[in-house]
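S.K.: the following comprises the amino acid sequence and a computationally predicted model.
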Amino acid sequence: MIELNKITKKFTLHNQGKTKISVFKNLNLKINPGEIVALTGPSGVGKSSILKMIYGNYVFQSGEIKINNHNIDHKYPRNIIELRKNTIGYVSQFLRVIPRVPTIEIVMEPLLEINSDQDEVREKAEKTLIKLNIDKNLWNLSPLTFSGGEQQRVNVARGLIRNYPCLLLDEPTASLDSVNKDIVLNLINEKKDKGSSIIGIFHDEYSRKYLKAREIDITKISDAK
Amino acid sequence: MEPILSVQNLNKYYGDQVGCKNMNMTLYPGEVVGVVGESGSGKTTFINSISGNLNPDSGKILINTNNEIINFLEISESLKRLLIRTELAFVHQNPRDGLRLDVSAGGNISERLMSIGQRNYGNIRQTIFKWLDKVEIDKSRVDDFPRTFSGGMLQRLQIAKNLVTSPKIIFMDEPTGGLDVSVQAKILDLLRKLVRELNLSVVIVSHDLAVIRLLADKIIVMKNGEAVETGLCDQVLDDPQHSYTQLLVSSVLQV
């Protein structure tokens, strides 16, 4: 379960004339287990900011964010690190990895945090890559030279290889062709059926309908103009 | 879980000059803390002060060793030296500072083992091979002198030399500083794997924010000898609150 209560969020740009940009004044949101919420609205309205606040990348000025009853509190970075290890999965828009590390190892990494059996983890990573249509010839190559769609599927594989109770998805299907899009959407549905609370940004209506997502238009609750 | 290292109100002055002041840090097992800041901000003074290379003027350095918490600044010199050889390790920016260039690669790795009393040649030799393999240096190079190694190999050798006694806390000062980018990627990958496999706790100093983002869980941003912002690494880099951190983050060139 993900809960946001009375969140205010603003940016202060100290080196640009101390400009203040208010994004949210009173944001309330709740995502139940087995539910998918899709955030909608034009860019710059604060969709990604919501995901980043939940993941702990962005601070908020007041209010509270609870993940399975644990508070996101930046005074205790250790707790956020633990939550990320065990509770929150995040599929970002872009793949950020160490150059020259093979794809298979990148996909294995989140699972190795909780399982030290290399062979078992490798097998699971291989299964996930097969599911996501990543050619076997690519497994031992770094994904940095892959096409946009392939990189995105590696990113999805990495984010979905575990069963996190909470999942944050930042445009996970943006650069995929229709076949691969359906594969990823089915995988997301599997996670929903397993009881994950899922919140995401899906730029196309097709994906939102496919996932039967509850849509929330951020324009109405955002303070960013 | 208890922190393995806790630094409290640490101060180090050079005469009237501030080296670093009022520094605080907690490091948990398996955690990586990155220290960033421009040249002269006190990063190296800080890491040297908490690792036994420099004597700080005041403060506490509490180390949790075998479930006993000791203040590193109040123990005897001999115990300090033992800790530096066993529980702590220091990886220098320039591997030539951390290696003996006129001793073979194997000899460099075995030094810490012998200093804690290991004498069985066969066992030592086996441990050396295990570590050469871990840091991806070919076994056939074991009896070669480090001066015949490339910069990247030297750095990997220095890492092996330091980790061979399974230290709990590793200090690193710009470990990828002088390396070209392809070698830097290799070392970063190696460090990440070792941190996970051996549950290492690491304090790493770097001026390269990309390196810190890939390795660190938490971050300390220093300016003029003081910490201006601390917290979760990607939060501080993605949503910096202090004006200096904002300047630092926005000054990075995009590739």
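M.R.: It's in. Numbers count the residues shown, from 1 in each chain, chains lettered A, B, ... in the order given.

S.K.: now the closest residue to chain B within chain A, nearest residue through space, not along the chain?
M.R.: Nearest to chain B, among the residues of chain A, is residue A:14, at 3.3 Å (C-beta to the nearest C-beta). Backbone N, C-alpha and C define where each C-beta goes, glycine included. Distances taken as C-beta to C-beta, 6 or more residues apart in numbering or on different chains place residue B:243 nearest to residue A:14, at 3.3 Å, with adjacent residues excluded.

S.K.: show the model's pLDDT score for the one you found.
M.R.: Looking at residue B:243, its pLDDT reads 94.

S.K.: about what we covered before: do you know the pLDDT at the residue of chain A closest to chain B?
M.R.: On the pLDDT scale, residue A:14 is placed at 93.

S.K.: thinking it is in contact with residue B:249, fair?
M.R.: No. Assessed by C-beta atoms under 8 Å, residue A:14 is found out of contact with residue B:249, at 11.5 Å.

S.K.: what segments of chain A are helices?
M.R.: A:47-55, A:77-86, A:103-112, A:118-131, A:148-160, A:178-193, A:205-210 (DSSP state H).

S.K.: reformat the ones you listed as a markdown table; add mean pLDDT.
M.R.: What follows is these, written out as a markdown table (pLDDT from 0 to 100):
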| stretch | mean pLDDT |
| --- | --- |
| helix A:47-55 | 96 |
| helix A:77-86 | 94 |
| helix A:103-112 | 94 |
| helix A:118-131 | 96 |
| helix A:148-160 | 94 |
| helix A:178-193 | 95 |
| helix A:205-210 | 95 |
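
S.K.: chain B contacts on chain A?
M.R.: Within chain A, the positions near chain B by C-beta under 8 Å from any C-beta of the partner chain are A:11-15, A:52, A:56-59, A:74, A:77-78, A:80-81, A:96, A:98-101, A:112-113, A:116.

S.K.: which of the residues you listed fall within strands?
M.R.: Among these, the residues falling in strands (DSSP state E) are A:11, A:12, A:13.

S.K.: among these, who's most crowded?
M.R.: When neighbours are counted by other C-beta atoms under 10 Å in any protein chain shown, residue A:11 leads those with 16 neighbours.

S.K.: relative to residue B:215, how far out is the closest residue to that residue other than its chain neighbours?
M.R.: What sits nearest to residue A:11 in space, not counting adjacent residues and going by C-beta to C-beta, 6+ apart, is residue A:21, at 4.5 Å. For residue A:21, the distance to residue B:215 (C-beta to C-beta, to the nearest Å) stands at 31 Å.

S.K.: which one of those two has more residues nearby?
M.R.: Between residue A:21 and residue B:215, residue B:215 has the larger neighbour count (other C-beta under 10 Å), namely 22 against 13.

S.K.: hmm, that one is touching residue B:188, no?
M.R.: Yes. Between residue B:215 and residue B:188 there is a contact under C-beta under 8 Å: 6.6 Å.

S.K.: surely residue B:133 meets residue B:139?
M.R.: Yes. Counting by C-beta under 8 Å, residue B:133 does reach residue B:139; the two are 7.2 Å apart.

S.K.: could you pick out the residues of chain B near chain A for me?
M.R.: Proximity of chain B to chain A, by C-beta under 8 Å from any C-beta, involves residues B:26, B:28, B:31, B:181-182, B:185-186, B:188-189, B:192, B:196-197, B:213-214, B:217-218, B:231-232, B:234-235, B:238-239, B:241-243, B:246-247, B:250.

S.K.: hmm, back to that, quick one: contacts for the residue nearest to residue A:11?
M.R.: A:10, A:11, A:12, A:13, A:224 (C-beta atoms under 8 Å, 6 or more residues apart in numbering or on different chains).

S.K.: where does chain B dip in pLDDT?
M.R.: Applying pLDDT under 70 to chain B picks out residues B:254-255.

S.K.: so which residues of it form helices?
M.R.: Secondary structure of chain B (DSSP H): helices at B:43-50, B:77-86, B:95-98, B:105-115, B:121-134, B:151-163, B:181-198, B:209-215, B:233-238, B:243-250.

S.K.: in JSON lines, list these along with distance to residue A:91.
M.R.: Below are the helices of chain B laid out as JSON lines (distance: least, C-beta to C-beta, whole Å):
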{"stretch": "helix B:43-50", "distance to residue A:91": "34"}
{"stretch": "helix B:77-86", "distance to residue A:91": "42"}
{"stretch": "helix B:95-98", "distance to residue A:91": "38"}
{"stretch": "helix B:105-115", "distance to residue A:91": "41"}
{"stretch": "helix B:121-134", "distance to residue A:91": "32"}
{"stretch": "helix B:151-163", "distance to residue A:91": "32"}
{"stretch": "helix B:181-198", "distance to residue A:91": "20"}
{"stretch": "helix B:209-215", "distance to residue A:91": "18"}
{"stretch": "helix B:233-238", "distance to residue A:91": "15"}
{"stretch": "helix B:243-250", "distance to residue A:91": "23"}
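
S.K.: out of these, the one nearest residue B:57 is which?
M.R.: In terms of C-beta to C-beta, the element of the helices of chain B nearest to residue B:57 is helix B:43-50, at 9.0 Å.

S.K.: in stretch B:66-85, which residues are buried?
M.R.: Of all the residues in stretch B:66-85, those buried under the rule 16 or more other C-beta atoms under 10 Å in any protein chain shown are B:70, B:72, B:73, B:80, B:83, B:84, B:85.
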